[in-house]
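Undergrad: Here's a sequence, model it:
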Amino acid sequence: MKRLFLIILLPFALVLPALAQEIQNVQQQQELPQRVSSDLELFNDGYRLLLEGNSHCKEAIDKFSELEQKYPKSSYLDRALFWKAWCHSELKNYGTAIKIYEEVAAKYKNSAYVDDALFKIGDIYENALHDYDKAIGVYERLVKEFAVEPDLSNINFSSNGNLSQNVIIAQQQKAQIEERNQNFSQALNDWEDSQSLNKKYHPRRGTNDYFDRRAQARVDFIKNNRDNDYLPLTKFTLGQALKKEGKHQEAIGKFRELQKEFPDSSLADDAQYEIALCLQELNKIGESREALEIFLEKYDQSELNPEIQKKLSKLSSRDPIESNNDTKQQDNPPPVQSK
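TA: A predicted model of the protein is given here:
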């Protein structure tokens, strides 16, 4: 069976190309001999503040708001509003961020920031608010507005290098949500559609392109697990969702249901590995090691064997006091790291 790939999109990483473009714009403006105009100066001040980190987001918002108030017809207003919304999102003011992103999409239809704004709205609904239906709707809107073009040569990629990436990732994010909702047939279609979009945008990249390889891995995975009307895959997906939510004991239950009801499923070995990982998260190190040993004995032909052996070796080298006392709690848990 094909190995399961975990696909994690980090929201901040998705705006890095836009950040780099803005830095270049600021640097180019600084090289010009003429005096910087007041609206550009306000934009640059706000942008420099947001680059300094979340602790300066409120100050950046003030600068962008001042630009909006003093120069309502400024040519920098679309990008100022976009980054103002971005700051609100970083401060977890999600409702305000969505409202401003929608304003960018509605008022500045020719702006290079419209697709970025729509993508960020979908990202907030999916990963911050967990409103998956709304996220799907926004991703579909993005793909419809920017990918369904009779002639893709009409799109100016030089002025908006993020456009093709946003459209492809939006299609793939929608596919991931459909998988989460156990709509596997639709998810399969969405992954394949993302491959078609990628080929249209980047015909020279071929099948070695990151987005194509990522989609193909999911296509293969879903096709290889269509047995029994997707029931094993449904249980496996539910188990993974519970694990992601921190409900490890419930997740173990789902994985064991899969193994009991579908012992010959190609996902049975994956389920055994997930059980071991959940037990480790519950600090039941001895039971986790035992689950890995069962894996090696029961699924000796699995492609996961090298990883299982490596994992087992790491667990065996852990502090014996910790290993022999699975329910021991830390007296001083480590502090939660800020982003």
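
Undergrad: residues contacting Gln259?
TA: Ala268, Ala271, Gln272 (Cβ atoms under 8 Å, 6 or more residues apart in numbering). Backbone N, C-alpha and C define where each C-beta goes, glycine included.

Undergrad: What is the neighbour count of the second one?
TA: The reference is to Ala271. Look at Ala271: counted by other Cβ atoms under 10 Å, it has 24 neighbours.

Undergrad: Not counting sequence-adjacent ones, nearest residue to it?
TA: In this structure, Ala271 finds its nearest non-sequential neighbour in Phe255, 4.0 Å apart by Cβ to Cβ, 6 or more residues apart in numbering.

Undergrad: try the first one
TA: For Ala268, the nearest residue in space outside its immediate sequence neighbours is Gln259; the separation is 5.3 Å by Cβ to Cβ, 6+ apart.

Undergrad: The one you found: helix or strand, and which one exactly?
TA: Following DSSP states H and E, one finds Gln259 within helix 248-261.

Undergrad: Identify each buried residue in that helix, please.
TA: Residues of helix 248-261 classed as buried by neighbour count (16 or more other Cβ atoms under 10 Å): His248, Ala251, Ile252, Gly253, Lys254, Phe255, Glu257, Leu258, Gln259.

Undergrad: Ala97 touches His88, doesn't it?
TA: Yes. Contact criterion Cβ atoms under 8 Å: Ala97 and His88 qualify, at 4.0 Å.

Undergrad: What's the local residue count around the closest residue in space to Tyr71 that isn't next to it in sequence?
TA: Of all residues not flanking Tyr71 in the chain, Asp39 sits nearest, at 4.1 Å (Cβ to Cβ, 6+ apart). With neighbours defined by other Cβ under 10 Å, the count for Asp39 comes to 20.

Undergrad: who touches Asp39 in this structure?
TA: Contacts of Asp39 by Cβ under 8 Å, 6+ apart are Leu67, Lys70, Tyr71, Ser74, Ser75, Tyr76.

Undergrad: Try it again at 10 Å.
TA: Glu66, Leu67, Glu68, Lys70, Tyr71, Pro72, Lys73, Ser74, Ser75, Tyr76, Leu77, Ala80 (Cβ atoms under 10 Å, 6 or more residues apart in numbering).

Undergrad: just the buried members of the residues you listed?
TA: Buried, going by 16+ other Cβ under 10 Å: Glu66, Leu67, Glu68, Tyr71, Ser74, Tyr76, Leu77, Ala80, out of the contacts of Asp39.

Undergrad: Now the second one: closest residue in space, sequence neighbours ignored.
TA: With sequence-adjacent residues excluded and distances taken as Cβ to Cβ, 6+ apart, Leu67 is closest to Leu42, at 4.1 Å.

Undergrad: Work out for me the element that neighbour sits within.
TA: Assigned by DSSP H and E, Leu42 falls within helix 38-51.

Undergrad: Past that helix, which element shows up next along the chain?
TA: Sequence-wise, the next helix or strand downstream of helix 38-51 (DSSP H and E) is helix 57-70.

Undergrad: and the helix or strand Leu231 falls within, how far from the chain's centre?
TA: Following DSSP H and E, one finds Leu231 within helix 231-244. How far helix 231-244 lies from its chain's middle: 18 Å, per Cα atoms, centre = their mean, to the nearest Å.

Undergrad: and it, what other elements does it pack with?
TA: Where contact means 3 or more Cβ pairs under 10 Å, 6 or more residues apart in numbering; DSSP states H and E, helix 231-244 is packed against helix 163-180, helix 184-201, helix 248-261, helix 268-281.

Undergrad: by how many degrees do it and helix 268-281 diverge?
TA: 10 degrees (axes from the mean of the first three to the mean of the last three Cα atoms, to 10 degrees).

Undergrad: tilt between helix 231-244 and helix 163-180?
TA: Angle of helix 231-244 versus helix 163-180, following the same axes, to 10 degrees, is 110 degrees.

Undergrad: Use 39 as the first number from now on
TA: Taking 39 as the first residue, the last one we looked at is helix 269-282.

Undergrad: ok, back up a step: could you count how many residues lie near the residue nearest to Leu105?
TA: Applying other Cβ under 10 Å, we find 24 residues neighbouring Leu80.

Undergrad: so who does it touch?
TA: For Leu80, the contact set (Cβ under 10 Å, 6+ apart) comprises 74, 100-109, 112, 114, 118.

Undergrad: 6 Å instead?
TA: Lys101, Glu104, Leu105 (Cβ atoms under 6 Å, 6 or more residues apart in numbering).

Undergrad: Could you dump these into JSON lines with pLDDT and distance to Lys322 added?
TA: Converted to JSON lines, the contacts of Leu80 look like this (pLDDT from 0 to 100; distance: Cβ to Cβ, whole Å):
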{"residue": "Lys101", "pLDDT": "95", "distance to Lys322": "51"}
{"residue": "Glu104", "pLDDT": "95", "distance to Lys322": "56"}
{"residue": "Leu105", "pLDDT": "95", "distance to Lys322": "55"}
